[in-house]
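>>> Starting from these lines, generate the structure:
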Amino acid sequence: YRGQWVRSEDSLIFRFNPERNKMDGNPRGEWSHLLGVDLGFTSESAFVVVAYSEDSPDVFIVDEFEQKGMSISDLAEKIRSFDRMYQLSDTIVDPGGLGVTIIDEMINRHGLNIRYAEKSKKNDYIEAMNDDFLTGRLKVLASCKSIMDEWQLLQWDEQRKKPQSGYKNHLSDAALYAWREAMHYTYRKPECKPETHTPEYVKYVENKILTELEDNYQKNQEGNLW
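Below is the predicted model of the structure:
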């Protein structure tokens, strides 16, 4: 009623929280890297590198870049530079607008191994990505300042169906394209086994054998039904 501007995080598209999701330093271990690219010309072309491992439930945004007015050769060289740096397992590029022509040029003339970004069910995947934000599984290196700034401003329109016009979302889209292809969700916590030559270990082995016998019996019963 005072006519004051207030910040409402409920209207933000991405549930990024610096205290929960920002990370200093690089993740340790062996990681696969994906590059997401959102093409632009009058607007910025955006590049985001995502790292994941099937041995970890976490996924990391480790690098970013955006620039206006990039030619096809500029785009191709930038992709190559990220590949040299991270040995990319995949590069996913947005084919919207003139993207199809540009992607075909980069594949045929520049010999790049890239794929079209999957853009269906975008809002559903944003919600899934937000779950990674809220559970702390999605981390962002502190050096990726531009995408963090973008997340803290980018909001829904009044119908909550698409981003509000006037806000940058190129890095956010590039990150979403790469994040969709990350396989961190396949992680399964290693089974905790008791020490050998203990009563607990004997019980563990007995239960495992019984489970296998029950599974095999069930499979045989299902086969007999046919």
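>>> what about the residue sitting nearest the centre point of the chain, distance to residue 35?
Taking CA atoms, centre = their mean, the centroid of the chain lies closest to residue 179, which sits 1.5 Å from it. As judged by CB to CB, to the nearest Å, residue 179 and residue 35 stand 12 Å apart. Yep, even glycine has a C-beta here, placed from its N, CA and C like the rest.
>>> cool, and residue 88?
5 Å.
>>> okay, and the common contacts of the two?
49, 82 (CB atoms under 8 Å, 6 or more residues apart in numbering).
>>> higher neighbour count, the two?
Applying other CB atoms under 10 Å to residue 88 and residue 35 shows that residue 35 carries more neighbours, namely 25 against 20.
>>> How far off centre is the longest helix along the chain?
Assignment by DSSP state H gives helix 199-225 as the longest helix of the chain. Centre-to-centre, helix 199-225 and its host chain are 38 Å apart (CA atoms, centre = their mean, to the nearest Å).
>>> ok, which stretches of this protein are helices?
Counting by DSSP H, the helices of the chain are 18-21, 72-86, 99-108, 122-135, 145-151, 170-181, 199-225.
>>> Export these as a markdown table, with columns for mean pLDDT and distance to residue 57.
Output for the helices of the chain, formatted as a markdown table (pLDDT from 0 to 100; distance: least, CB to CB, whole Å):
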| stretch | mean pLDDT | distance to residue 57 |
| --- | --- | --- |
| helix 18-21 | 95 | 14 |
| helix 72-86 | 96 | 21 |
| helix 99-108 | 88 | 32 |
| helix 122-135 | 94 | 9 |
| helix 145-151 | 96 | 21 |
| helix 170-181 | 95 | 14 |
| helix 199-225 | 75 | 24 |
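>>> Let me have those in TSV, extended by distance to residue 61.
Listed next are the helices of the chain as TSV, based on distance: least, CB to CB, whole Å:
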stretch	distance to residue 61
helix 18-21	9
helix 72-86	12
helix 99-108	22
helix 122-135	11
helix 145-151	7
helix 170-181	6
helix 199-225	39
